[in-house]
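Asks: When you get a sec, could you give me coordinates for this:
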Amino acid sequence: MPSAPPLGLVTWQEATWEQFADAHVARWRDFARAAADTPEVIVAESFLLQRPVFTMLRRDADPAAIEALVNRFADAVAPLEPTLVYLSHPDPEASWRAVMAKRGGGELAAAVQRSEDWPFTRSRGLAGLG
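Replies: Numbering: from 1, shown residues only. Prediction:
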């Protein structure tokens, strides 16, 4: 199997989802090797999952490919026995709306416009803020 290209060179547009995942997992394996002697490792869920998983979700990747990526991430960091920190909000919609209100109407409009171009929202007929 060819080695994964450097992460900076792999985007969803120029690679298969497997290649995209290979590059991200390679980075986490490198991290795990570098942190092997660290007594306690804390990983923020958003750093581990948010960018690659969100990229796959909004591009309407096959759920099995997303699940495989998450499992590969878990395998990559498992030797560290890390503490995974997951921050949640009791009302994510209200939180998101509050952030958008602080950023101004232009940011909200831009976020809505970007999401309308995603294959995920188009395939489901979603539009607007709803």
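Asks: how near is residue 109 to residue 128?
Replies: Remark: distance between residue 109 and residue 128 (C-beta to C-beta, to the nearest Å) = 11 Å. Backbone N, C-alpha and C define where each C-beta goes, glycine included.
Asks: Doesn't residue 84 belong to a strand?
Replies: Yes - secondary structure of residue 84 (DSSP: H, G, I helix; E, B strand; the rest coil): part of a strand.
Asks: Run through the bridge partners of it.
Replies: When assigned by DSSP bridges, residue 84 has beta-bridge partners residue 43.
Asks: list the contacts for the spatially closest residue to residue 122 that is not a sequence neighbour?
Replies: Closest residue to residue 122 apart from its sequence neighbours, by C-beta to C-beta, 6 or more residues apart in numbering: residue 116 at 7.5 Å. Counting by C-beta atoms under 8 Å, 6 or more residues apart in numbering, residue 116 makes contact with 122, 126, 127, 128.
Asks: who has more neighbours, residue 109 and residue 128?
Replies: For residue 109 versus residue 128, neighbours defined as other C-beta atoms under 10 Å are more numerous around residue 109 (12 against 8).
Asks: and residue 25, what is it in contact with?
Replies: Neighbours of residue 25 in contact, by C-beta under 8 Å, 6+ apart: 4, 69, 72, 73, 76.
Asks: same thing but at 7 Å, please
Replies: By C-beta atoms under 7 Å, 6 or more residues apart in numbering, the contact list for residue 25 reads 72, 73, 76.
Asks: Ok, residue 108 next?
Replies: Counted by C-beta under 7 Å, 6+ apart, residue 108 has contacts residue 100.
Asks: so when I look at it, I'm seeing a helix, right?
Replies: Yes - assigned with three-state DSSP, residue 108 falls within a helix.
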